[in-house]
Structure formats: structure tokens, C-alpha cells
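[1] Quick one: sequence and predicted model below, then my questions.
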Amino acid sequence: MKINFLLVFTSLFLLASCNPVKRFVQASVETNPVKSDDDAADDPAIFVHPDQPEKSLIIGTNKQNGLDVYNLKGEQLQSYDFGLLNNVDLRSDFPLNNQTITIVGASNRTDNTISLFQLEGETGVLTPIAAQPLQSQVDEVYGFCLYQNGQTYAFVVGKDGQVEQWLLTATADDKVAGEVVRTFKLGGQCEGMVADDEMGYLYVGEEAIGVWKFKAAADADVVPTLVTDLSNNMLKEDIEGLSLYYAANGQGYLLVSSQGNNSYAVFERAGDNNYVGSFRIGDGIVDKTGETDGIDVINLAMGPAFPNGFFIAQDGFNYDGRKKKNQNFKLVPWERIANSFEPSLLIDNTYVPKR
């Protein structure tokens, strides 16, 4: 048999070009699949239990249904039919008059609002807490994140790139009210958002372009900086979930879901957000991830299973062997990611961000 070595070489080169990321890690835990089929699971947020980190929780959106609450074993504890909730975020130190609560917020595509909840950290129970509907004027609420700098804000972005910044405040009857304090617009469809509470920046992923960086203060000018675009061949549209790994002295990382090549890009959190490298989640005791939407990461020690925190990613193609199941979320111990880089990424499992 004659072999066309030029054809073989060309094919291998094209394959490498399509999937340039060579660094693989394996997840150790996956959540129960969401109850909705098709494209349903989307975005996770991590709640850190203040006294027993191993009892921490994961809040995940089922954008066909609502919110699901999981423990760190991936077991579903609660499920709520709150509507078509797309992206979710939380803060554990929201001042509600004479108490401090964990506030959870999400973009709700059922009625184009921001939904707000109080999380009971021991049980995972979520209770609606908005004083009135937070009715958005963007084209269709999509991406969402929270931000704190002495006050608490919610950012929501529509599919058309319109961004609203809401100030969240407690009411006399222990509810939460919201008021739009700033708006601005990007050029195309956006979803992934994350705010750096310490440095005062908002990052927004424009799906077909890259990642933008804005000052997060409500009175700041709207002059964006382009952190990265698709000229970085390790990225391939859509740009999806964004998350921040906090470490001491302003260090840490911005993580970006590169959906088009099933990978996750790592950028420095400080300075000009220089690109560090990318990784993928491969098959192991838990199957690999593909076409990831939302992501999150935590640096803190989270009990014996995750002594250095973990990274969590939505999986667009969840398999049990050869059987395709409904979508879910995969958890990767942070040290597996950190030690896959040369030199290794930072591991700081004690630093608590200053808000």
C-alpha cells in the first residue's frame, strides 16, 4: 500500500491547528445531570461555607428551568423552577439591615429581569428577596455578575451588547431593591462577565471578538481595554464564561472559556492581563468537557477533596461511557491545573479577597 506522506503530514498539521491546546487535566467530581435535556446547564457559582468548607455549595443554572444547588460531591440538594435563568453569581457579605446574608443573583430570560435570592448556606435553600421586579431594558438579559466595592452592584448584559449596572440596597422590610446607575454598549453578542472586587474592574466576553476590561465603579468613564482577541490562536469563538482566581498581593488569574476549541485560557489578573497558557479537561474517572459555557473557580481550601480549591466548568456534552446524558458541571482540583503549567501557577489556599 502506498502512503501519501504529504497528505498525512498536512492532515496532522490541520488537526493540531484546530486544537492547539496540548495541556490536559482531569476532573475528579461531576454534578448530577440537570433534569432538562438539550442545551440546559449553563453557569455555576461557588458558595464557601464559613465554618466547614467541605460543606460548601455550588449554585448552577438550568436555563430551561431555574437553579440547582449541589454539594461538593456533585449531589443535587435543591432544585428550583424559577424561570429561564441564564447566568448566576453570589456574594456572601451583603448587608441586609442588622444581618449579613449571602445574596444570589441571576439573569432571568422569562420576564427580562434580574432575579435575587437569599441563600441559606446550611441547607442550600434559596428564597426570593427582590423588593420589586428588577425589570431590565436590555434587548434580552444574558450575562450576569455581581460586584462589591463598599456597595453591591449587579451587572447584566443583553444579547445585543447593552450593559446595565444596578445598585442593590436593603429595604426596611428586609428585601433588596435595585436601581440602574450606569449603562453602556458593546458592539456584538456578549455573555460571560466577572468583576474584580479588589481592583475595581469588570471583564466582559464579546463572543466573536474577545474579552473587554472596564472600570467597574458606577461613576467611572466607559473606556474599554481589549484584554485579548481571537488573534491569540489558543482562543476560538465563542468566548463564553469568565472567572477570577484570587491570590494575595493582587496576584491571581482571569480564566476564560474558549468554547470553539473546548479549552480554558489563563491570563494574569494583574497589570495588562498577560496571557499565561491554556488547558483542556480530558477523560478520566469523569468524562471530558466540551463546548463549555459558564465557569467558576475558588482558591480557598474546601475540605479533603479540594485542599487547594477547584475549578468548575459546565459540560455541553456529558457522557457516561458511550451513553449521552443531560448536561452537568465538572470539578477539577486547582493543583492539577496549577501543576500542569511550567512554571506552575500560583496556589494560594488561604487568601480571602478584600471587597
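    That came in fine, so what should we check first?
[2] Give the next helix or strand downstream of the lowest-mean-pLDDT helix or strand in the chain.
    Sorting the helices and strands of the chain by mean pLDDT, DSSP states H and E puts helix 5-18 at the bottom, at a mean of 42. Sequence order places strand 24-26 as the next helix or strand after helix 5-18, per DSSP states H and E.
[3] now for the longest strand seen in the chain, which elements pack on it?
    In the chain, taking DSSP state E as the definition, the longest strand is strand 85-96. Packing contacts for strand 85-96, counted by 3 or more C-beta pairs under 8 Å, 6 or more residues apart in numbering; DSSP states H and E, involve strand 41-47, strand 57-62, strand 66-71, strand 99-108, strand 113-120, strand 141-148, strand 162-170, strand 190-196. Where C-beta positions appear, they are placed from N, C-alpha and C, glycine not excepted.
[4] Okay, now stretch 185-196: how far is its last residue from its first?
    One end of stretch 185-196 sits 20 Å from the other (C-alpha to C-alpha, to the nearest Å).
[5] for it, the distance to its chain's centre please.
    12 Å (C-alpha atoms, centre = their mean, to the nearest Å).
[6] Please produce TSV containing the helices and strands packed on strand 85-96, extended by mean pLDDT, mean neighbour count and distance to residue 28.
    Below are these laid out as TSV (pLDDT from 0 to 100; neighbours: other C-beta atoms under 10 Å; distance: least, C-beta to C-beta, whole Å):
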stretch	mean pLDDT	mean neighbour count	distance to residue 28
strand 41-47	98	26	15
strand 57-62	98	26	14
strand 66-71	98	22	14
strand 99-108	98	23	25
strand 113-120	98	22	25
strand 141-148	98	26	27
strand 162-170	98	20	35
strand 190-196	98	26	24
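[7] would you list those strands in JSON lines and tack on distance to residue 300?
    Formatted as JSON lines, these follow (distance: least, C-beta to C-beta, whole Å):
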{"stretch": "strand 41-47", "distance to residue 300": "9"}
{"stretch": "strand 57-62", "distance to residue 300": "14"}
{"stretch": "strand 66-71", "distance to residue 300": "16"}
{"stretch": "strand 99-108", "distance to residue 300": "15"}
{"stretch": "strand 113-120", "distance to residue 300": "17"}
{"stretch": "strand 141-148", "distance to residue 300": "17"}
{"stretch": "strand 162-170", "distance to residue 300": "24"}
{"stretch": "strand 190-196", "distance to residue 300": "17"}
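[8] I'd like to know which of these is closest to residue 325.
    strand 41-47 (10.9 Å; C-beta to C-beta).
[9] Show me the contact partners of that closest one.
    Residues external to strand 41-47 that are found in contact with it (C-beta atoms under 8 Å, 6 or more residues apart in numbering): 33-34, 56-63, 86-90, 92, 102, 104, 119, 121, 144, 241, 293-298, 312-315, 326-329.
[10] Between strand 113-120 and that strand, find me the angle.
    40 degrees (axes from the mean of the first three to the mean of the last three C-alpha atoms, to 10 degrees).
[11] And the helices and strands packed on strand 85-96: which comes nearest residue 355?
    strand 141-148 (4.2 Å).
[12] Sheet-wise, list the partners of the next helix or strand along the chain from that closest one with their directions.
    Using DSSP H and E, the helix or strand that follows strand 141-148 towards the C-terminus is strand 152-158. Here strand 152-158 is paired, per DSSP bridges, with strand 141-148 (antiparallel), strand 162-170 (antiparallel).
[13] closest one to residue 197 among those?
    Across the strands paired with strand 152-158, residue 197 has its closest neighbour in strand 141-148 (4.9 Å, C-beta to C-beta).
[14] For that closest one, output the C-alpha coordinates as PDB.
    Extracted C-alpha coordinates of strand 141-148, given in PDB (Å, rounded to 0.1, in the frame of the first residue of the first chain):
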ATOM      1  CA  VAL A 141     -30.900  39.600  29.500                       C
ATOM      2  CA  TYR A 142     -28.000  37.100  29.100                       C
ATOM      3  CA  GLY A 143     -24.700  37.500  31.000                       C
ATOM      4  CA  PHE A 144     -24.700  38.500  34.700                       C
ATOM      5  CA  CYS A 145     -22.300  39.100  37.600                       C
ATOM      6  CA  LEU A 146     -22.100  40.900  41.000                       C
ATOM      7  CA  TYR A 147     -19.600  43.500  42.200                       C
ATOM      8  CA  GLN A 148     -18.800  44.900  45.600                       C
END
